[in-house]
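# Kindly return the folded structure for what I paste below:
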Amino acid sequence: MPMSKSQADGPKGARRIEISSPEEEELRDAPEGCPFTPEAAPATPEAAATEEEEQATEEEMAKLQDVLTELEQKCAFAEDQHLRVVAELQNYKRRVQQEREQLVKFALEGVVTELIPVLDNFERAMDVKVDSPGAECLMAGVRMIYAQLQTVLAGHGVARIEALGQDFDPHLHDAVEKEPSAALPPNVIVAERAKGYQLNGRVIRPAKVRVTVAAET
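Here you go, the predicted structure:
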């Protein structure tokens, strides 16, 4: 029968007896050189579940990273397409604006083309010599109408092409006659057979002219 602590202590001066637990007794009785090593606790179901959750989380993160990479690529492609569409839209607007300006600028081209022969007839009429007061009065009216017509056309961008005394320019002049000359260099305009006209810088009709050529020796 185990002794109580008070009995173990005994009276003063008596030998002290230590009481050990069965586990301590087993440890003390173990052979020398063979230390006691507690067995590792087996893995619990909770720990195994945690490892599976961590692995599943890593796999899910990898999938999410792949999805993120794919979305970034799609966003980059969409942004590139957006920039292209914006650039094309701006080019389209600019082209439409230019076409509109050209349309307004040259809207009268057909009218001017039809009026040029009328101007030619006015000039031929004004070249006629008159010798009576009545005819002179009529000619004054013709000159006034011609001047008004020229003013109206000039207000809409119609201008005459300079020709007489100029160097021949195939973009502005049409050489219908040639004149050999030793006094002047070749391709100088010495006569104008029909006036040329431009509409806002565009040639409607080139001036029909006579130009010099080198004289034969």
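# switch to C-alpha atoms for all contacts and neighbour counts from now on
Fine.
# for residue 174, helix, strand, or coil?
Under the three-state scheme (DSSP: H, G, I helix; E, B strand; the rest coil), residue 174 adopts strand.
# Which helix or strand contains the most centrally placed residue in the chain?
Among the residues of the chain, the smallest C-alpha distance to the mean C-alpha position (C-alpha atoms, centre = their mean) belongs to residue 87, namely 3.2 Å. With elements taken from DSSP states H and E, the one containing residue 87 is helix 45-105.
# Does anything pack onto that helix? Which helices or strands?
Identification of packing neighbours for helix 45-105 by 3 or more C-alpha pairs under 8 Å, 6 or more residues apart in numbering; DSSP states H and E yields no helix or strand.
# And the average pLDDT for it is what?
Taken as a whole, helix 45-105 has an average pLDDT of 87.
# try stretch 145-153
On average, stretch 145-153 scores 93.
# picking that back up, against residue 74, how distant is the residue nearest to the centre of the chain?
Separation of residue 87 from residue 74 (C-alpha to C-alpha, to the nearest Å): 20 Å.
# do the same with residue 52
Between residue 52 and residue 74 the distance, using C-alpha to C-alpha, works out to 33 Å.
# Would you map out the domains in this structure?
56-105, 109-214 (automatic domain parsing).
# Highest mean neighbour count across those domains, which stretch is it?
Neighbour counts (mean count of other C-alpha atoms under 10 Å) averaged over each of the domains of the chain peak at domain 109-214, with a mean of 16.
# how distant is that one from the center of its chain?
If you compare the mean C-alpha spot of domain 109-214 with that of the full chain, they lie 46 Å apart, counting by C-alpha atoms, centre = their mean, to the nearest Å.
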